[in-house]
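Q: Sequence plus predicted model, see below.
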Amino acid sequence: MKKTQIVLLVLIAAAIAVLISFLKGSPTYDTVQIAKSKPGKSVSLIAKLDRTQPVEYDYKNPNYLSFTVIDSLGSSVKVVYHSPKPDNLEHSERLVLKGAIKDDHFECREILMKCPSKYKDDVKVAEKNLPTSMTSPSDIKIDPKY
């Protein structure tokens, strides 16, 4: 074999090794049922806050927060978080919870909140922001240069 072919094979092998290491490090998200089948093992859940259940938080004991979440398949679990309550927990669309199932609840060590987008389509606001002189799409004038 030529030296260039050997170098090329080594580079290809190194590229494959790097790709495999990236795949192992990529996060995966589990459902509540999968997390319950792996008690004590660290998992990441994506769920939303169950607004029908109370959020238990006492400002006198800021290191205890308890609430219930529902995953995308409809399974729910009680979450216990031993840190101060994150701001806007009740307003978040989705929660990414990192922790493990312990006894009958999810012992959470980190909460990441996916906040609602301020860019959601709101038809009433969009209509209000339209100029009043514009009554139909035919009123839009396009410069022929463009």
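A: In hand now; what should we look at? Numbering: from 1, shown residues only.
Q: Dig out what residue 67 forms beta bridges with.
A: residue 79 (DSSP bridges).
Q: Could you give the number of residues near it?
A: Counted by other Cβ atoms under 10 Å, the residues lying close to residue 67 total 22. The C-beta positions use only the backbone N, C-alpha and C, and glycine is treated the same way.
Q: Relative to residue 33, how far out is it?
A: Separation of residue 67 from residue 33 (Cβ to Cβ, to the nearest Å): 19 Å.
Q: what stretches of the protein score poorly on pLDDT?
A: Within the chain, the stretches with pLDDT under 70 are 24-27, 116-146.
Q: which stretches of it form strands?
A: Per DSSP state E, the chain carries strands over the ranges 43-49, 56-58, 61-71, 76-81, 94-102, 105-114.
Q: now the ones you listed as a markdown table including distance to residue 23?
A: Listed next are the strands of the chain as a markdown table, based on distance: least, Cβ to Cβ, whole Å:
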| stretch | distance to residue 23 |
| --- | --- |
| strand 43-49 | 16 |
| strand 56-58 | 39 |
| strand 61-71 | 24 |
| strand 76-81 | 28 |
| strand 94-102 | 20 |
| strand 105-114 | 22 |
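Q: State the number of residues packed around residue 106.
A: By other Cβ under 10 Å, 23 other residues sit near residue 106.
Q: Touching, residue 81 and residue 98? I think so.
A: No. In this structure residue 81 lies outside contact range of residue 98 using Cβ atoms under 8 Å: 10.6 Å.
Q: which one of the strands of the chain lies closest to residue 13?
A: Closest to residue 13 of the strands of the chain, according to Cβ to Cβ: strand 43-49, at 31.4 Å.
Q: Compute the inter-axis angle for that closest one and strand 76-81.
A: Using axes from the mean of the first three to the mean of the last three Cα atoms, to 10 degrees, the direction of strand 43-49 lies 110 degrees away from that of strand 76-81.
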